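Peer 1: Fold the following.
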Amino acid sequence: MKSIQIALLAAALTALSWSAASAEGAIAVGQAGTAPRQEVAVGLSTDFPTAKAAAADALARCKASGDVKASTLRKCKVVQTFKNQCAAVAMDPKAGSNGFGFGIAKSRSGARNAAIVQCGQTADR
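Peer 2: Residues are numbered from 1 along each chain as shown. Sure thing, here's the model as predicted:
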């Protein structure tokens, strides 16, 4: 089985110190077709008071991704918003692989597993 690098980009949004009103999140992705993973830009935002604010921040973070071509950054778009959930991103560490995935779930492990599955489906075989 391929080794897949996991970047947990958000902690559980259901922490007791956070209210439901401030637990909005979003993920934005810019991907250049089947290009290698360095051609993927990602922006993840959590703990915002509204989905609109989370989406705007995620989009700005995606467009500010480093080491990514401008043409890829222009493709950034919000792909999902979420509330009181966890998010994870997975990228195949193999050089030149286009394996990339993200997951949104109620638990960290659920988000992580969803990201790994999606990454595995897009990775070079």
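
Peer 1: Where does pLDDT dip in the protein?
Peer 2: 1-22, 33-38, 124-125 (pLDDT under 70).

Peer 1: Let me see the ranges of the helices in it.
Peer 2: 51-63, 70-73, 108-122 (DSSP state H).

Peer 1: can I assume residue 81 is in contact with residue 56?
Peer 2: No - using Cβ atoms under 8 Å as the test, residue 81 is too far from residue 56 to be in contact (10.9 Å). From N, CA and C alone the C-beta is placed, and that goes for glycine too.

Peer 1: re the thing from before, compile the helices of the chain into a markdown table and extend it with columns for distance to residue 88.
Peer 2: A markdown table is the format used below for the helices of the chain (distance: least, Cβ to Cβ, whole Å):
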| stretch | distance to residue 88 |
| --- | --- |
| helix 51-63 | 14 |
| helix 70-73 | 21 |
| helix 108-122 | 4 |
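
Peer 1: So residue 86 is in contact with residue 113, correct?
Peer 2: No - contact between residue 86 and residue 113 fails when scored by Cβ under 8 Å: they sit 10.9 Å apart.

Peer 1: these two touch, right, residue 104 and residue 112?
Peer 2: No - using Cβ under 8 Å, residue 104 is not in contact with residue 112, being 11.0 Å away.

Peer 1: how many other residues sit next to residue 84?
Peer 2: Neighbours of residue 84 under the rule other Cβ atoms under 10 Å: 14.

Peer 1: Oops, could you answer that again for residue 32 instead?
Peer 2: 18.

Peer 1: what does residue 63 give?
Peer 2: Using other Cβ under 10 Å, residue 63 has 18 neighbouring residues.

Peer 1: Next: residue 50.
Peer 2: Neighbourhood size, residue 50 [other Cβ under 10 Å]: 13.
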